[in-house]
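In: Give the three-dimensional model of this entry:
(2 chains)
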There are 2 protein chains.
Amino acid sequence: MTHLTISRRGEEMPASPIRKLVPFAEAAKKKGVKVYHLNIGQPDIETPKMVLDAVRHSDFKILEYSHSAGNESYRKKLVSYYKKVGVDVSYEDILITTGGSEAILFGMMACCDEGDEIIIPEPFYANYNGFAVEAGVKVVPITSYIENGFALPPIEEFEKAITPRTRAIIICNPNNPTGYLYSKQELETLKEIVSKHNLFLFSDEAYREFCYEGEHFSAMSLQGVEENVVLMDTISKRYSACGGRIGALVTKNKALYSTVLKFGQARLSPPSFAQIAGEAAIDLPDNYFDETKAEYKKRRDLLVRRLNEMPGVHCPNPGGAFYAIAKLPIDDSDKFCQWLLEEFQYNNQTVMLAPATGFYGDPQLGRQEVRLAYVLNLNDINSSMDCLAQALQNYPGKV
Amino acid sequence: MTHLTISRRGEEMPASPIRKLVPFAEAAKKKGVKVYHLNIGQPDIETPKMVLDAVRHSDFKILEYSHSAGNESYRKKLVSYYKKVGVDVSYEDILITTGGSEAILFGMMACCDEGDEIIIPEPFYANYNGFAVEAGVKVVPITSYIENGFALPPIEEFEKAITPRTRAIIICNPNNPTGYLYSKQELETLKEIVSKHNLFLFSDEAYREFCYEGEHFSAMSLQGVEENVVLMDTISKRYSACGGRIGALVTKNKALYSTVLKFGQARLSPPSFAQIAGEAAIDLPDNYFDETKAEYKKRRDLLVRRLNEMPGVHCPNPGGAFYAIAKLPIDDSDKFCQWLLEEFQYNNQTVMLAPATGFYGDPQLGRQEVRLAYVLNLNDINSSMDCLAQALQNYPGKV
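Out: Modelled structure (predicted):
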């Protein structure tokens, strides 16, 4: 006899570590406290008007299914976008997905069976864990350290972690949550590993345009591992278009592509409206990112400076994306972040941060670290840092 | 040592049976042959202008993530929609999904682990198979028969199919691909089974508004199995808004809901643009469906009459949706449907049908059956039936 119970997979599915403090933030707001949200990667940058206007001025009469791989016109235009960023692909290598999220899930499902393993340098984007649970995949974390700015762990660490069930390595470049920008040399190291052990290399390049130190080197540009590399992409952060839910999976591996297309056919098509937005975005002027990037860079500089000025705080300078991880003189980041919302205020303001524990596979790690998303304007970043500086003086669990 | 191969799951993933004939249709069109598409459920009915206008007239500046469960304003309005169709739910029972597809996948993942079983009366919507492969779930089909119009199989057939791994039964009501409308009595039978064996009852009610014979009775209205029932819904067919990719999973089972929300959080949010469309659609006048339904009914009447006038053809009169399955005097529906596109033409026209084989779990079934979607206007249905009548005379594999 069966029972009306939730699946083991459902039980194991992690709640979002970024969203779990939300009730405490809501309670603080109800008390009239202003909360600075540095906890979530929702940019405050406006979506380019021409991108939204493309949807608003559309004149079709039937909101039809698109092709399961996405509109051919969009895929063809994306070829020119990728060319501009130095990635040489054909539209037949590109499958439009429902957000970068779906690209990650499709990639995992196409490459892994239940019990297979994927190696991910930690701290890592927490939802990789969620998709892994959905796909029955075991995440094998390899720790990177704040002391060297979260650089790629040495090759020996990968070698130690590889088992007969290892199927892929995932990197996010530049990295969420650390902001670390992998160098060409580090990519070459990864190439060596995936080539030697016949692994897939999933490269999440959602933040490609936001590099402040050095150049972005795409995994798609690695020579000789074209069959191994799978690019996971999204318009969410690039054009401040998170709600569109448009991403892409890009690979030159034909067997993988046609498998992913079968997953795509089952869900019929990616969203039609936001495909129009994504296609229009490719016509943005070449200097579009200059302004956005300059704004993020100013924010990063301010945030990192303010953090490192606080006694006992260390924040490495992130090379890209719009995140930073800081080490704080505290006992426990989960407790601290909750305390900030529940018990602390400074001039009737407080700050919401993401405890870094949610980004590590090992539950003992990240207990003194928090992730900060610099998605607020310079004034607000200053005010939020004033709050944090004061909070670190008042916090009873200071160490 | 591992190998750079596709997962077993990826290999097992079925290609879309509806889309696999597409290359033959494209070749026919290139030869200048007009192809009547009765193979796919893409309605030709225009999306209501006010629904599209709601998106076109939106004036937000940032295309943000929505809540992972969907916009609260939309979920609250959906309560009034469900009330109108006799379903009493709270907005906290409703989770907005990326199409009905995601509701089905989330439901399967939340209730089933790898190797668990779901019973589905066959023929069934082919993508249930795809989602089952993704979730590692085994589909156990129970055959329904064209001879009695594809009515629900008797309770004994369900009893025979239930094992300790059975977790759920899926019905689609009214049914895709058969058009069968389940009676209240049949729903009560299902209630008895799921109640006795502690199973979930997944009810896909995508075509709720399109019932031509009798009243629709929702599984959500069954008394005493509120914890068992999960409604899978979508705006795709209801408002001819397939490309929006907006659906919903509705359940009063709180443990299930909070599990599904975790899956929702991992993928962040459903598409923002089409949530605006879905919310606007609830304000359509009460008589909106009258016209659409009257149009579909006329098409059904014509299609079914024309089919049954052909020698050796039998098509039961479907009570709802916009599909019919017909039994044809042919050797093999896959061969026949391909032949229609590759070798046949009548006045430079032909017709594209879906072989019913793709809708059965048992590969031996449906070989004399085809599914027809009556999503063309009356003139085109007449012309397509002229083609089919002629084709059945010419086809070399006639029996």
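In: What average pLDDT does stretch A:224-235 get?
Out: Computed over stretch A:224-235, the mean pLDDT rounds to 98.
In: Kindly export it (C-alpha atoms) in CSV.
Out: Below are the C-alpha coordinates for stretch A:224-235, written out as CSV (Å, rounded to 0.1, in the frame of the first residue of the first chain):
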residue,chain,number,x,y,z
GLY,A,224,39.8,21.2,-28.9
VAL,A,225,37.0,20.7,-26.4
GLU,A,226,34.1,21.9,-28.6
GLU,A,227,32.2,18.7,-27.9
ASN,A,228,32.6,19.1,-24.1
VAL,A,229,31.6,22.7,-23.6
VAL,A,230,28.0,23.8,-22.9
LEU,A,231,27.3,27.5,-22.5
MET,A,232,24.4,28.5,-20.2
ASP,A,233,23.2,32.0,-20.9
THR,A,234,20.5,34.4,-20.0
ILE,A,235,19.3,37.9,-20.9
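In: can you give me the offset of that stretch from its chain's centre?
Out: 16 Å (Cα atoms, centre = their mean, to the nearest Å).
In: Check what contacts it and list those residues.
Out: A:87, A:99-100, A:103-104, A:107, A:111, A:191, A:194-195, A:198-206, A:208, A:218-220, A:222, A:241, A:244, A:246-253, A:256, A:274, A:277-278, A:281, B:4 (Cβ atoms under 8 Å, 6 or more residues apart in numbering or on different chains). Any C-beta I mention is one placed from the backbone N, CA and C, and that applies to glycine too.
In: Quick check: buried residues in it?
Out: By 16 or more other Cβ atoms under 10 Å in any protein chain shown, the buried positions in stretch A:224-235 come out as A:Val225, A:Glu227, A:Asn228, A:Val229, A:Val230, A:Leu231, A:Met232, A:Asp233, A:Thr234, A:Ile235.
In: cool, stretch A:137-153 as well?
Out: Neighbour-count burial for stretch A:137-153, counted by 16+ other Cβ under 10 Å, picks out A:137-142, A:144, A:146, A:149-153.
In: The stretch 251-399 of chain A: helices as residue ranges?
Out: Using DSSP state H, counting those that start in this stretch, the helices of the stretch 251-399 of chain A run over A:254-266, A:272-281, A:288-309, A:333-342, A:378-394.
In: And the ones you listed: which comes nearest B:Leu63?
Out: Among the helices of the stretch 251-399 of chain A, helix A:272-281 comes nearest to B:Leu63, with 7.1 Å by Cβ to Cβ.
In: I'd like the average pLDDT over the closest one.
Out: 98.
In: packing partners for it?
Out: Counting contacts by 3 or more Cβ pairs under 8 Å, 6 or more residues apart in numbering or on different chains; DSSP states H and E, helix A:272-281 packs against helix A:49-56, helix A:72-84, helix B:272-281.
In: Name the spans of chain A whose pLDDT lies under the cut-off.
Out: Counting by pLDDT under 70, chain A has low-confidence residues at A:1-3.
In: Quick check: can you list the domain ranges of it?
Out: For chain A, automatic domain parsing gives the domain ranges A:8-46+A:289-394, A:49-281.
In: Which residue is the nearest non-sequential neighbour of the residue nearest the centre of chain A?
Out: Among the residues of chain A, the one closest to the centroid is A:Asn176, at 4.5 Å (Cα atoms, centre = their mean). Nearest non-adjacent residue to A:Asn176, counting by Cβ to Cβ, 6 or more residues apart in numbering or on different chains: A:Tyr125, 4.9 Å away.
In: Now render the domains of chain A as JSON lines, adding distance to B:Ser73.
Out: Listed next are the domains of chain A as JSON lines, based on distance: least, Cβ to Cβ, whole Å:
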{"stretch": "domain A:8-46+A:289-394", "distance to B:Ser73": "17"}
{"stretch": "domain A:49-281", "distance to B:Ser73": "14"}
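In: Please work out which of those is packed deepest.
Out: Mean neighbour count (mean count of other Cβ atoms under 10 Å in any protein chain shown) peaks for domain A:49-281 among those, with a mean of 21.
In: so which residue of the stretch 1-150 of chain A comes closest to chain B?
Out: Nearest to chain B in the stretch 1-150 of chain A, going by Cβ to the nearest Cβ, is A:Gly130, at a distance of 3.3 Å.
In: I'd say that residue and A:Met13 touch.
Out: Yes - counting by Cβ atoms under 8 Å, A:Gly130 touches A:Met13, with 6.2 Å between them.
In: Quick check: neighbours shared by these two?
Out: B:Lys262, B:Phe263, B:Ala266.
In: show me the contacts for the last one.
Out: Meaning B:Ala266. Taking Cβ under 8 Å, 6+ apart, one finds A:Met13, A:Ser16, A:Ser101, A:Asn127, A:Gly130, A:Phe131, A:Glu134 in contact with B:Ala266.
In: that older thread, hang on, the residue nearest to the centre of chain A in a strand?
Out: No - using DSSP: H, G, I helix; E, B strand; the rest coil, the assignment for A:Asn176 is coil, not a strand.
In: quick one: it from A:Val133, how far?
Out: According to Cβ to Cβ, to the nearest Å, A:Asn176 and A:Val133 sit 19 Å apart.
In: Break down chain A into its strands, ranges please.
Out: In chain A, the segments counted as strands under DSSP state E are A:34-37, A:94-97, A:117-122, A:138-143, A:166-172, A:200-204, A:229-234, A:247-251, A:323-327, A:349-352, A:354-355, A:369-373.
In: Nearest to B:Pro164, out of those strands?
Out: strand A:138-143 (26.1 Å).
In: ok, the closest one: who's next to it in the sheet?
Out: Here strand A:138-143 has these sheet partners by DSSP bridges: strand A:117-122 (parallel).
In: Just checking the distance from the partner strand to the centre of its chain.
Out: 15 Å.
In: Next, the angle from that strand to strand A:200-204.
Out: Angle, strand A:117-122 to strand A:200-204, by axes from the mean of the first three to the mean of the last three Cα atoms, to 10 degrees: 40 degrees.
In: hmm, who's touching strand A:117-122?
Out: Counting by Cβ under 8 Å, 6+ apart, A:108, A:112, A:128, A:132, A:137-144, A:150, A:152-153, A:158, A:161-163, A:165-171, A:202, A:359-362, A:365 sit against strand A:117-122.
In: Can I get that strand in CSV? Just the C-alpha atoms.
Out: Only the C-alpha atoms of strand A:117-122 are listed here, as CSV (Å, rounded to 0.1, in the frame of the first residue of the first chain):
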residue,chain,number,x,y,z
GLU,A,117,28.0,13.5,-10.2
ILE,A,118,28.8,17.1,-11.1
ILE,A,119,31.8,19.0,-9.6
ILE,A,120,31.2,22.7,-8.8
PRO,A,121,33.7,25.0,-7.1
GLU,A,122,32.1,26.3,-4.0
